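Colleague: I would like to see how this sequence folds:
(one chain, ligands or ions: 2)
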Amino acid sequence: MKRKNILVVGVSLAMMGLMCGLAYASCLTQPDYQVDDLWCSDAAAGVGELVQVGDVITNTCKSTTAGTTTRIYISTNATQLMCLWDFHSTPALARNKSASWSNTLEIPACAVPGVTNYIICVADATAVISENNENNNRASISIYINP
Ligand SMILES: [Ca+2]
Ligand SMILES: [Ca+2]
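Modeller: Ligands and ions are numbered 1, 2, ... in the order given. As a prediction, the model looks like this:
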């Protein structure tokens with residue numbers, strides 16, 4: 001029984017090592033953008049009011065030479081991109097480097113008053129760069145839209 005357990009552990013470790021090796025290799029060959037931070041100056045605001053919005057985009061893997069587009073959406077659902085609010089360019093990023101952005105934005109008419117809305121930030125929103133993880137490019141925060 002002990003020997004069988006050792007074999008199982010050995011095979012498991014070998015597979016983990018292989019998976020880690022593959023992940024490491026793809027990190028060397030492909031960038032990985034993530035939304036490191038997303039913030040808004042106000043927890044509540046009405047349509048037409050001005051708020052400050054900012055984000056930090058980080059590349060944790062291979063350096064890039066192309067700029068990308070980051071989009072800001074507002075939505076009543078944290079995972080659905082319902083209304084494009086703003087977009088900005090993010091410069092090419094070396095490995096483990098970040099780009100910060102902030103601006104004054106007007107709460108758009110497509111925000112839904114009287115309920116919690118979500119500000120959603122999407123890195124590389126136009127899919128300019130191929131990444132080793134395309135599923136970690138979004139972050140969201142809530143904002144209540146005053147009636
Ligand atoms: Ca990514
Ligand atoms: Ca991408």
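Colleague: hang on, isn't Ala125 packed against Ile57?
Modeller: No - counting by CB atoms under 8 Å, Ala125 sits too far from Ile57 to count as a contact (10.7 Å). Quick note: C-beta positions are derived from backbone N, CA and C, even for glycine.
Colleague: please report phi then psi for Thr29.
Modeller: Thr29 adopts backbone torsions of phi -100, psi -20, taken as degrees, to the nearest 10.
Colleague: report how many residues lie close to it.
Modeller: Applying other CB atoms under 10 Å, we find 11 residues neighbouring Thr29.
Colleague: with adjacent residues omitted, what lies nearest to it?
Modeller: Lys62 (6.2 Å; CB to CB, 6 or more residues apart in numbering).
Colleague: how near is that neighbour to Ala111?
Modeller: 37 Å (CB to CB, to the nearest Å).
Colleague: ok, those two, which is more surrounded?
Modeller: Neighbour count, other CB under 10 Å: between Lys62 and Ala111, Ala111 has more, with 24 against 18.
Colleague: list the residues that contact that one.
Modeller: By CB atoms under 8 Å, 6 or more residues apart in numbering, Ala111 lies in contact with 47, 74, 83, 117, 145.
Colleague: and what of Ile72?
Modeller: So Ile72 contacts 53, 55, 84-88, 105, 119-122 (CB under 8 Å, 6+ apart).
Colleague: same deal with Val112?
Modeller: 76, 145.
Colleague: pLDDT wise, what is it at?
Modeller: With respect to pLDDT, Val112 scores 98.
Colleague: what sits in contact with each of Ala125 and Ile57?
Modeller: Joint contacts of Ala125 and Ile57 (CB under 8 Å, 6+ apart) are 68, 70.
Colleague: adding secondary structure, distance to Thr68 and neighbour count, write the contacts of Ala111 out as JSON lines.
Modeller: Converted to JSON lines, the contacts of Ala111 look like this (DSSP: H, G, I helix; E, B strand; the rest coil; distance: CB to CB, whole Å; neighbours: other CB atoms under 10 Å):
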{"residue": "Val47", "secondary structure": "coil", "distance to Thr68": "29", "neighbour count": "15"}
{"residue": "Ile74", "secondary structure": "strand", "distance to Thr68": "21", "neighbour count": "24"}
{"residue": "Cys83", "secondary structure": "strand", "distance to Thr68": "21", "neighbour count": "17"}
{"residue": "Asn117", "secondary structure": "strand", "distance to Thr68": "25", "neighbour count": "27"}
{"residue": "Ile145", "secondary structure": "strand", "distance to Thr68": "29", "neighbour count": "20"}
